[in-house]
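K.L.:
what's the 3D shape of this:
(chains A and B)
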2 protein chains.
Amino acid sequence: MYKFEKLAQSIRQMIEEGIWKAHDKLPSLREQSELSGYSLMTVLNAYQELEAQGWLYAKDKSGYYIAERAELEISQKEAPPAQEKIQINSVVFNYLKDTQAPDIVPLGSAFPNPELLFNSKFMQLLSQHAKRKNSYLNHPNMPPGNLELRQIIAGRYQLQGISCHSDDIVITSGALDSLNLSLQALTQPGDFILLQETVFYGAWQAAERLGLNVITLPDHPESGFDLKAFEKALKQYPIKVCWLMLNAQNPIGYTVSAEIKEKIAQLLAKYHVHLIEDDVYQELNFGKEKPVSVKYFDQQHLVLHCGSFSKTLGMGARVGWVFAGPYSNAIQHVQLMSTLTVSPLLQNALVDFVAHHHYEKHLRSLRRALDQNKKRFYQELKARLPTDCKIHYYPTGYFLWVELPTDMDSQQLYTNLLAQDISIAPSLLFRPKHQAQNFIRLNCSFDWNDKLAAAVDQIVQQIETHKKA
Amino acid sequence: MYKFEKLAQSIRQMIEEGIWKAHDKLPSLREQSELSGYSLMTVLNAYQELEAQGWLYAKDKSGYYIAERAELEISQKEAPPAQEKIQINSVVFNYLKDTQAPDIVPLGSAFPNPELLFNSKFMQLLSQHAKRKNSYLNHPNMPPGNLELRQIIAGRYQLQGISCHSDDIVITSGALDSLNLSLQALTQPGDFILLQETVFYGAWQAAERLGLNVITLPDHPESGFDLKAFEKALKQYPIKVCWLMLNAQNPIGYTVSAEIKEKIAQLLAKYHVHLIEDDVYQELNFGKEKPVSVKYFDQQHLVLHCGSFSKTLGMGARVGWVFAGPYSNAIQHVQLMSTLTVSPLLQNALVDFVAHHHYEKHLRSLRRALDQNKKRFYQELKARLPTDCKIHYYPTGYFLWVELPTDMDSQQLYTNLLAQDISIAPSLLFRPKHQAQNFIRLNCSFDWNDKLAAAVDQIVQQIETHKKA
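P.N.:
Purely as a prediction, here's the structure:
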């Protein structure tokens, strides 16, 4: 911890203990320096840090004062924790590396069972387009991307009752690219963003990479989304952008109700905050109706809605999009200096594939297979797991979120299983700042077989061993 | 300009005028604040800014002193200009957008004539691989990329006498990705980097995006590279990374001699500074021997050498690589949270294409065609241009760098020609901070025809009109 952080911490404590109240004037820099023995620079750094965190405000030439927000924070101890800089990269890097081995049981994999994503028609179309010269030309495929593909995507939004024009869409190199480009287009280093407490690690990584301050929203035990805490956070912090996943949420799996989504849209409008809506699993619902998005309720163009073909057709079709609306140009700006163009070949093949209803057919069989595999996996898992473990089952996506005995460290379990060529995804990947790390995410998109059964038995055995210890 | 920048400027002036000398103590923050009427915070910001720029140094609790470097700078007025924050994005964005129209005469294009890049064998291989399931699988293709492709690339380095192992190579999504990933892996916001004064705009954009301070190295009128100014810059500034293009330099076209490259490697070692070597045109030489790279002389693993297939096979083969050596992991870290994997289909097809010598054959015919087109274009251009224009011709690459009459603004010429559906690349794109903007880059990779002749005539006419005005 740097000197200034130590000083900032002790000042924060004094505010928390009620020694300083809202609008109290803090000692001047010089006074504080003489008082504390810290250098002027250290004092100023501490004050500025506290100001950035919303504890203080500065009046020019007059000095620093305690902010109202600080008092609010104390009176509401259940408020989201203050922002923290996250260092998640190495954890994720090791996880992605460890679980790459070809012969590992892929319960920790982030990707759906590739066998279900192969589509012979798509492969055939790609093969045909590979022979055509226009699959190698830049012009019609430069940002914002192939016009026909954008028209098709816009048409799919319209079918869901969302007004959308091809100019609203920017084609990207996949879901992660969509999310990263959106966040970069909307933020400056030092800005505050809001993330769900337990969320796709790519969000933590993007925040770290772009130098953003993260406010976390606690998971709601029933609905998944805590509206009250959400409004409180928007009120308390200068949040510029929210990054939320609300359909088949990764890693937990819940889908937030339409009512809550409508209220989220209203709150975004009230506080004029942008939303990056990660909706990459929108097609992986197993019910009769596709769940709506916050975008559906977005009257004021505050929502950048991100989707992708890579979760349904695999990494061989790594093409995504952002429904960017008025932010199309801003996103293309970032795109043209980073990921640049998206494969013309893939874009052309996707136009053919989606326009001719092959995609809908593919989605139907994919949903059916995922639904079956998930149910089977759930039953097998439930039959084996000790009763003090809880499986969070939702009829969407291909993950199961499993709660282990409270004193069990899933990171340790991860390491133990890896030695036996079994991968799982430990909760530290998704909630790096959370106390409770007794959760794991299991990929249940694979056809049940003896190898999976043996892997689950291993997990159970590890839990039993832990309980005896 | 912020208040603190104004104050910093006036302090800098006093140093430059010799009022303050090396190791002089500056007024304390409080004294300076009372002296100047600026707030303490403004004064501290100004001092910190000057410290970051190397004009001052701080002693804990004692205060700020004039740095030796500052005096050095004054005594050597011909030194490179101090760092400046660059705002190049909008200029580049408009250029890329303006010149995308399909029916424009593409003299401004950054890409080689696509007709020369099409390769029916590569298209056939892609088509074949598109039907194979393993072109859709992640595992063997995740960062650092397909092992066979890395072995092939390492083998090509070995043939050039450069020791290289497949583990040294990271496969990327093309040249821009290689360069951006390397820069991001090696720098933190606020770091100093060195760029050539006239250089690929992607370097300026990357510097802006990553919040880096840019020191520019003046172009050398004969050799292209000014070794003396280079060493001076390394001595004077806390440069962490150089980003240089030395073969078929974009946009000027020169290739720096092996002798100079060897000295660059020695200076990098002496000052322990990293080099990102942009060598995407390494295959586009028309002489008997491929020019060497600084990497060839790099004993201490300070050079990250970046290459790509997209400049020789087109955007349909947007696969690049970094010879990253010990920085392979650092680059994969950034990659796994941004551009992620590279198309397995493309990687598999490239393995087949390069391993079976189709690539060498393709390169031979590509070089021949580019050489012919460049010579023809040069002759036609020379016959038409007024004698006070100078064409910089080099037997590499596919660009001609043209010097217009000194009082002519190439940005204005660009706008005028665009109205006639002719694109050129004005010098502002490549040297945003330079006084002289009477240069244009012309793409001479196209087969000479009447349309090109008419476009060149238009350029000539614009120059004549300007001279009469």
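K.L.:
helices of the stretch 351-469 of chain A, start to end?
P.N.:
Here the stretch 351-469 of chain A has its helices, by DSSP state H, counting those that start in this stretch, at A:358-384, A:410-418, A:450-468.
K.L.:
could you dump the ones you listed to TSV with distance to B:Val351, mean neighbour count and mean pLDDT?
P.N.:
Yep, even glycine has a C-beta here, placed from its N, CA and C like the rest. TSV is the format used below for the helices of the stretch 351-469 of chain A (distance: least, CB to CB, whole Å; neighbours: other CB atoms under 10 Å in any protein chain shown; pLDDT from 0 to 100):
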stretch	distance to B:Val351	mean neighbour count	mean pLDDT
helix A:358-384	28	16	97
helix A:410-418	30	18	95
helix A:450-468	30	15	96
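K.L.:
closest to chain B out of the ones you listed?
P.N.:
Proximity to chain B, assessed across the helices of the stretch 351-469 of chain A by CB to the nearest CB, is greatest for helix A:358-384 (13.2 Å).
K.L.:
against B:Ser410, how distant is A:Gln188?
P.N.:
Noted for A:Gln188: a distance of 32 Å to B:Ser410, by CB to CB, to the nearest Å.
K.L.:
can you give me the distance of the one residue in the stretch 351-469 of chain A that gets nearest to chain B to A:Asp450?
P.N.:
Taking CB to the nearest CB, chain B has its nearest neighbour within the stretch 351-469 of chain A at A:Ser423, 12.0 Å off. Distance, A:Ser423 to A:Asp450, using CB to CB: 17 Å.
K.L.:
pLDDT score assigned to the residue of the stretch 1-150 of chain A at minimum distance from chain B?
P.N.:
Nearest residue of the stretch 1-150 of chain A to chain B (CB to the nearest CB) works out as A:Tyr136 at 3.5 Å. Per-residue confidence at A:Tyr136 stands at 89 (pLDDT).
K.L.:
quick one: residues contacting it.
P.N.:
Counting by CB atoms under 8 Å, 6 or more residues apart in numbering or on different chains, A:Tyr136 makes contact with A:344-345, B:114, B:117-118, B:123, B:314-316.
K.L.:
got the phi/psi numbers for the residue of the stretch 351-469 of chain A closest to chain B?
P.N.:
Main-chain dihedrals, A:Ser423, degrees, to the nearest 10: phi -110, psi 140.
K.L.:
and it, how many residues sit next to it?
P.N.:
Residue neighbour count, defined by other CB atoms under 10 Å in any protein chain shown, stands at 21 for A:Ser423.
K.L.:
with adjacent residues omitted, what lies nearest to it?
P.N.:
When the adjacent residues along the chain are set aside, A:Ser423 lies closest to A:Gly108, with 3.3 Å between them (CB to CB, 6 or more residues apart in numbering or on different chains).
K.L.:
need the pLDDT of A:Lys3.
P.N.:
pLDDT, A:Lys3: 71.
K.L.:
could you find the closest non-adjacent residue to it?
P.N.:
In this structure, A:Lys3 finds its nearest non-sequential neighbour in A:Thr42, 4.8 Å apart by CB to CB, 6+ apart.
K.L.:
SS state for that neighbour?
P.N.:
Secondary structure state of A:Thr42, per DSSP: H, G, I helix; E, B strand; the rest coil, is helix.
K.L.:
let me see the contact set for it.
P.N.:
So A:Thr42 contacts A:3-4, A:7, A:33 (CB under 8 Å, 6+ apart).
K.L.:
ok, A:Gly253 touching A:Val402?
P.N.:
No. Look at A:Gly253 against A:Val402 with CB atoms under 8 Å: they stay out of range, at 10.5 Å.
K.L.:
taking the stretch 151-300 of chain A, what residue is nearest to chain B?
P.N.:
At 4.0 Å from chain B, A:Gln205 is the closest residue in the stretch 151-300 of chain A, using CB to the nearest CB.
K.L.:
dihedrals phi and psi, the residue nearest to that residue when sequence neighbours are not counted?
P.N.:
Distance criterion CB to CB, 6+ apart; nearest residue to A:Gln205, sequence neighbours excluded, is B:Met337 at 4.0 Å. Dihedral pair for B:Met337: phi -110, psi 10, per degrees, to the nearest 10.
K.L.:
okay, now the domains of chain A?
P.N.:
A:3-75, A:89-114+A:361-468, A:130-359 (automatic domain parsing).
K.L.:
which of those domains is buried the deepest?
P.N.:
Sort the domains of chain A by mean neighbour count, taking mean count of other CB atoms under 10 Å in any protein chain shown, and domain A:130-359 sits at the top with a mean of 21.
K.L.:
so how far does that one reach from one end to the other?
P.N.:
Length of domain A:130-359, first residue to last, CA to CA, to the nearest Å: 19 Å.
K.L.:
circling back to that earlier point, need the contact list for the residue nearest to A:Ser423.
P.N.:
A:95, A:99, A:414, A:423-425, A:441-443.
K.L.:
run the last query once more with 7 Å
P.N.:
The contact partners of A:Gly108, taken as CB atoms under 7 Å, 6 or more residues apart in numbering or on different chains, are A:99, A:423-425, A:443.
K.L.:
same check, this time on A:Lys290
P.N.:
The contact partners of A:Lys290, taken as CB under 7 Å, 6+ apart, are A:160, A:282.
K.L.:
let's verify it: helix, strand, or coil?
P.N.:
Assignment for A:Lys290 (three-state DSSP): coil.
K.L.:
what separation do you get for it and A:Ala258?
P.N.:
From A:Lys290 across to A:Ala258, the span is 11 Å (CB to CB).
K.L.:
try A:Ile152
P.N.:
According to CB to CB, A:Ile152 and A:Ala258 sit 25 Å apart.
K.L.:
got phi/psi on A:Ala269?
P.N.:
Per degrees, to the nearest 10, the backbone of A:Ala269 is at phi -70, psi -40.
K.L.:
excluding chain neighbours, what is closest to it?
P.N.:
A:Gln300 (5.1 Å).
K.L.:
and that neighbour, helix, strand or coil?
P.N.:
A:Gln300, by the three-state scheme (three-state DSSP), is coil.
K.L.:
check what pLDDT it gets.
P.N.:
For A:Gln300, the model assigns a pLDDT of 94.
K.L.:
got a pLDDT number for the most centrally placed residue in chain A?
P.N.:
Closest to where the C-alpha atoms of chain A average out (CA atoms, centre = their mean) is A:Phe200, at 3.8 Å. With respect to pLDDT, A:Phe200 scores 94.
K.L.:
would you mind measuring from it to A:Val280?
P.N.:
A:Phe200 sits 9 Å away from A:Val280, going by CB to CB.
K.L.:
what's the answer for A:Met245, then?
P.N.:
Distance, A:Met245 to A:Val280, by CB to CB: 8 Å.
K.L.:
ditto for A:Trp20
P.N.:
Counting by CB to CB - A:Trp20 and A:Val280 are separated by 46 Å.
K.L.:
what does A:Ala233 give?
P.N.:
Remark: distance between A:Ala233 and A:Val280 (CB to CB) = 24 Å.
K.L.:
please apply the same query to A:Leu56.
P.N.:
Separation of A:Leu56 from A:Val280 (CB to CB) stands at 40 Å.
K.L.:
show me the shaky parts of the stretch 51-200 of chain A.
P.N.:
Within the stretch 51-200 of chain A, the segments meeting pLDDT under 70 span A:60-61, A:69-88.
K.L.:
doesn't A:Cys389 make contact with A:Ser402?
P.N.:
Not quite, residue A:402 is Val, not Ser. Yes. Using CB atoms under 7 Å, A:Val402 is in contact with A:Cys389, at 6.2 Å.
K.L.:
and of the domains of chain A, who's closest to B:Tyr47?
P.N.:
The closest of the domains of chain A to B:Tyr47 is domain A:3-75. By CB to CB, the value is 8.8 Å.
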